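Undergrad: Sequence first, predicted coordinates after that:
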Amino acid sequence: MSVLQSRLCRTICLVALGSCLGVRADPPTTTAGQGEPAAATPPPIIVAADQTPADFLDLVGQLTKARWRLLFRPPPPTPPTDRARAALILGSLLADSLLVWQAGDAQQFRNNNQEVLSYCRMLGLGEKLMPRLMAQGKMAESNEWKELRHEIVDGHQVLVRLLREQMDEDLALMIDLGLWLRILEIVSTIVAETPDVDTRVLCIGSPAILQDLRDDFSRISATRREDALIKRIGDTIEEVSATWKNMEQTPPSKDKVARTNVKLKELLQAIMQK
């Protein structure tokens, strides 16, 4: 199991707390990636192992009335010369791939994949990843959503592995940080707009998720951590962690969700700035 999968597994286990609070999951009446699910009589939450980011967004969609298309972003800036920032943005674009998959928007998926390819090229991985990314675009065009989901998840793992093989551990860590921060921004936005109190436990997944992000940040080289943007990422993770301290004992408030969402939005905006 990858580090990110392990995190999401713990996230979903925490969400099981929602079943104790009366939260139930709506089964989609359409296949994920092919439109918004209609309301239906919900079954209890099922806690599964080896969760991926895609699984986490599935669960959020079941527990909320997520309007995925409203969470699309404008195209990112031209890939910067700063490889660390490029890796962070690329990670967030991988999260956008999952978001667009949830919406089932083939054209938006192809557009986003072009941006992913541009950033992969900037990091010297364009030649190795272009065939996979082109295949993903064709899957979206052909509405092969099940196959595409598998490709997105595998593509992330391949990208991180390639970076580590070329001794770019910092960049591999930043890919994961960028992906996870964008996922949390997406989910916190959905939760902030949802009146159901019980779904607030979804906002940051679990304290274990935040601890893992802190651990990943600490593994970035000391010199790189002195960069202003990277330092801000660490500070934001610490602030959000403090905000959600003891969340298992204290039901999260609307204000806590709103503050978390603002912090994450501001951070993502800083990462994307030219």
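TA: Cool, got the structure. Numbering: from 1, shown residues only.
Undergrad: do you know how far Ser221 is from Gln249?
TA: Ser221 sits 36 Å away from Gln249, taking CB to CB, to the nearest Å as the criterion. Where you see a C-beta, it was placed from the backbone N, CA and C, and this is true even at glycine.
Undergrad: more crowded one of those two?
TA: Ser221 (11 against 6; other CB atoms under 10 Å).
Undergrad: nearest residue to the more buried one other than its sequence neighbours?
TA: Once flanking residues are discounted, Ser221 sits nearest to Asp170: 5.5 Å by CB to CB, 6 or more residues apart in numbering.
Undergrad: I'd like the distance between the one you found and Val262.
TA: Distance from Asp170 to Val262, by CB to CB: 28 Å.
Undergrad: now do Glu185
TA: Taken as CB to CB, the span from Glu185 to Val262 is 10 Å.
Undergrad: And for Asp176?
TA: 23 Å.
Undergrad: Those two: who's more crowded?
TA: Each of Asp176 and Val262 has its neighbours counted (other CB under 10 Å); Asp176 has more, 23 against 12.
Undergrad: quick one: pLDDT of that one?
TA: On the pLDDT scale, Asp176 is placed at 94.
Undergrad: Return the residues in contact with Arg224.
TA: 84, 170, 230 (CB atoms under 8 Å, 6 or more residues apart in numbering).
Undergrad: Give me the phi and psi angles of Glu185.
TA: phi -60, psi -40 (degrees, to the nearest 10).
Undergrad: wouldn't it be in contact with Thr260 here?
TA: No. With contact defined as CB atoms under 8 Å, Glu185 does not reach Thr260; the gap is 9.4 Å.
Undergrad: Could I get the full set of helices for the stretch 101-250 of the chain?
TA: 106-122, 126-141, 145-165, 169-192, 207-219, 222-225, 228-243 (DSSP state H, counting those that start in this stretch).
Undergrad: Which of the ones you listed has the lowest mean pLDDT?
TA: helix 207-219 (a mean of 87).
Undergrad: what about that helix, distance to the chain center?
TA: Taking CA atoms, centre = their mean, to the nearest Å, the mean C-alpha location of helix 207-219 is offset from the chain mean by 15 Å.
Undergrad: just checking, what packs against it?
TA: helix 3-15, helix 169-192, helix 228-243 (3 or more CB pairs under 8 Å, 6 or more residues apart in numbering; DSSP states H and E).
Undergrad: could you give the angle of that helix to helix 228-243?
TA: 150 degrees (axes from the mean of the first three to the mean of the last three CA atoms, to 10 degrees).
Undergrad: and helix 207-219 with helix 169-192, angle?
TA: Using the same axes, to 10 degrees: helix 207-219 against helix 169-192 is 150 degrees.
Undergrad: Could you check how far the residue nearest the centre of the chain is from Asp255?
TA: The residue lying closest to the centre of the chain (CA atoms, centre = their mean) is Ile183, at 2.4 Å. Separation of Ile183 from Asp255 (CB to CB) stands at 22 Å.
Undergrad: ok, now Ile186?
TA: Noted for Ile186: a distance of 20 Å to Asp255, by CB to CB.
Undergrad: neighbour count winner among these two?
TA: Ile186 (26 against 9).
Undergrad: check contacts around that one.
TA: Counting by CB under 8 Å, 6+ apart, Ile186 has contacts 57, 71, 95, 99.
Undergrad: Find the residue closest to the third one in space, skipping its chain neighbours.
TA: Of all residues beyond its chain neighbours, the one nearest Ala95 is Arg182 (3.6 Å), with distances taken as CB to CB, 6+ apart.
Undergrad: Assess the claim that that neighbour and Lys265 are in contact.
TA: No. The criterion here is CB under 8 Å, and Arg182 misses it with Lys265 at 10.5 Å.
Undergrad: dump the residue contacts of the closest residue to Leu117 other than its chain neighbours.
TA: Excluding the flanking residues, the one nearest Leu117 by CB to CB, 6+ apart is Leu133, at 5.1 Å. The contact partners of Leu133, taken as CB under 8 Å, 6+ apart, are 113, 116-117, 120, 155.
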